[in-house]
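Q: Here's a sequence, model it:
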Amino acid sequence: MKKLWFIFLVPFIFLGTVSDTANAAKVYHGTPKALRGYYRTKIKKIHTINHSYYWSFKTLHIKAKTIQFDYGTGTDTYIIHNLYHANDGKNKFLVGGNYVPMGGESPLYYAYFIKKNKKLKVVYYNDSLTKVTGHETYYKFSGRASKFKNYPYS
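A: A predicted model of the protein is given here:
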């Protein structure tokens, strides 16, 4: 029930941030300090031929002016810039921005971040904030990874 409530709440929060009324939520540039840092998804061990394996995970690096998404191997990197956010209570934020131009990517980015302790839940939205396009749960980590097996350190 809570998930359904958040899905319907996010478009109304964003509409309130772009209006010029006195009761509208304030829009800030950049990312909130509470979200900044390194995050990763749960790690999966993927086996390949010849009994070898690699670690599969996604990382999220939130900086003051950019957000960088990486897949564990570092081959697919997405950078979001021109960021702005609106606060929706304690540790809940609606973040918008633009992708660095890439082939086939949408130029706009909208996500709803919910942070609890060292866990960050991210709900992604389409360009018009009418449909949820995905969600992911990230966990805080140091940002360092082993060069030998590409395994992230806690």
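Q: Can you tell me what sits against the helix or strand that contains Val122?
A: Counting by DSSP states H and E, the element that carries Val122 is strand 119-125. Identification of contacts with strand 119-125 by Cβ atoms under 8 Å, 6 or more residues apart in numbering yields 6-7, 10, 35, 39, 60, 110-115, 131-140. The C-beta positions use only the backbone N, C-alpha and C, and glycine is treated the same way.
Q: In PyMOL, select just the buried ones from these.
A: Selection command for PyMOL covering only the buried members of those, criterion 16 or more other Cβ atoms under 10 Å:
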select buried, resi 6+10+35+39+60+110+111+112+113+114+115+138+139
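Q: Out of the contacts of strand 119-125, name the ones that lie in strands.
A: 39, 60, 110-115, 132-140 (DSSP state E).
Q: can you pull the pLDDT of the residue nearest the centre of the chain?
A: Note on the chain: the residue nearest the mean C-alpha position is Val122, at 5.3 Å, using Cα atoms, centre = their mean. Looking at Val122, its pLDDT stands at 94.
Q: any idea how far Val132 is from it?
A: Relative to Val132, Val122 is positioned 11 Å away (Cβ to Cβ, to the nearest Å).
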